[in-house]
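Okay, sequence plus prediction incoming.
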Amino acid sequence: MQRFNLYQEEYYPSPLMHVWLEFKRSHIALVGFILLLIFCGIALLAPLISPFDPNLQNTNAILLPPSWEPNGTINHLFGTDSLGRDVFSRLLFACRTTFGSSIIIVFVSVIIGVGLGALAGVLSGVRSSIVNHLLDSIMSIPTLLIAIVIVAILGTGLFNSMMAITLALIPQFVHQTRTFVKKQLQKDYVLLDKLDGAGPTRIFFRSILPGMVELIVIQATLALSIAIIDVSALGFLSLGAQDPNIELGVVLSQSLDVAYVAPWLVFIPGLCIFLMVLSVNIVGEGFRSALRNRLSR
């Protein structure tokens, strides 16, 4: 439907609206965005929509099958585990812990990494070479391995695992930001800002940072996927969240003992992790394409 305009003037959407219009062109990206919103809603509203206490044990309802099975009951949508706890309620709180902690990890990593990367970008000479080689060495090590080493030093627990993954992700943002800032400092528009008397802080926030949006989106999307997998992996290895905290990796680990008797207890948490990572990657790719299309027009 054509937009009505009384004065027959052309309509020019804002940059943010332009990105959203380009993003909506991809139906797959829109489906991934809806799925991501569902996980965000679960992270915020899990205590309100959970039908049972996730740690409540019922010895009269042990290993009940899901509601779609012949022996299942609608009271327990995804059945119960080996201790009689409602699986649906536990998954809600587990998704909240995994997704919420991953969001916090990426947010802190972006703030610290972009700040340190901008500072490293203005360095030159021997200091720049040392920082560059140090970052390359750290980035050659898998983030999960770095996180396991840090957790082994700090101790187990959800907070320590979040700190470990954050410290493992920061060098990636530092490296990408440093490389981008180094290239932009050689551009003519930065030279003009310097001739106008702009300082390094003003040049970064007014000239360089707006052009880093696409880079930050790409790196943050990748980091969020890595954070979700690492949080779940550390929980699965009993290095992350501990009881009574509920996390997808912990739920998956606790279900292995009865996997042959109740395979849905392993399948459903694994499916949640898969859908969470898939939705993040789809949305990230959609926004990357939308930003790229907007900048190319």
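Received it, and whenever you're ready, just let me know what you need.

Going along the chain, name the helices of the stretch 51-200 of the chain.
Taking DSSP state H, counting those that start in this stretch, the helices of the stretch 51-200 of the chain run over residues 87-121, 126-139, 143-154, 158-184, 188-195, 200-203.

May I see these organised as JSON lines, with mean neighbour count added?
Placement of C-beta: from N, CA and C, glycine included. Formatted as JSON lines, the helices of the stretch 51-200 of the chain follow (neighbours: other Cβ atoms under 10 Å):
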{"stretch": "helix 87-121", "mean neighbour count": "22"}
{"stretch": "helix 126-139", "mean neighbour count": "14"}
{"stretch": "helix 143-154", "mean neighbour count": "17"}
{"stretch": "helix 158-184", "mean neighbour count": "22"}
{"stretch": "helix 188-195", "mean neighbour count": "12"}
{"stretch": "helix 200-203", "mean neighbour count": "14"}
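
Just put those helices in TSV and tack on mean pLDDT.
Output for those, formatted as TSV (pLDDT from 0 to 100):
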stretch	mean pLDDT
helix 87-121	90
helix 126-139	69
helix 143-154	82
helix 158-184	85
helix 188-195	75
helix 200-203	74
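
okay, those in JSON lines with distance to Leu224 next?
Supplementary listing: the helices of the stretch 51-200 of the chain in JSON lines, determined by distance: least, Cβ to Cβ, whole Å:
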{"stretch": "helix 87-121", "distance to Leu224": "5"}
{"stretch": "helix 126-139", "distance to Leu224": "17"}
{"stretch": "helix 143-154", "distance to Leu224": "12"}
{"stretch": "helix 158-184", "distance to Leu224": "10"}
{"stretch": "helix 188-195", "distance to Leu224": "30"}
{"stretch": "helix 200-203", "distance to Leu224": "28"}
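
between these, which one is nearest to Leu278?
Closest to Leu278 of these is helix 87-121 (Cβ to Cβ; 13.0 Å).

list the helices and strands the closest one packs on?
Taking 3 or more Cβ pairs under 8 Å, 6 or more residues apart in numbering; DSSP states H and E as contact, the helices and strands that helix 87-121 lies on are helix 27-49, helix 126-139, helix 158-184, helix 213-236, helix 248-254, helix 264-296.

now the third one against helix 188-195, angle please.
Note on geometry: by axes from the mean of the first three to the mean of the last three Cα atoms, to 10 degrees, helix 158-184 and helix 188-195 are set 90 degrees apart in direction.

which secondary structure elements does helix 158-184 contact?
The criterion is 3+ Cβ pairs under 8 Å, 6+ apart, and the helices and strands that helix 158-184 contacts are helix 87-121, helix 126-139, helix 143-154, helix 213-236.

in this structure, which residue is closest to the centre?
Compute the mean C-alpha point of the chain, and by Cα atoms, centre = their mean the closest residue is Leu224, 2.3 Å away.

Is that residue in contact with Val280, as I believe?
Yes. Using Cβ atoms under 8 Å as the test, Leu224 is close enough to Val280 to be in contact (5.0 Å).

hey, what's in contact with both of the two?
Shared contacts of Leu224 and Val280, defined by Cβ atoms under 8 Å, 6 or more residues apart in numbering, are not found at any residue.
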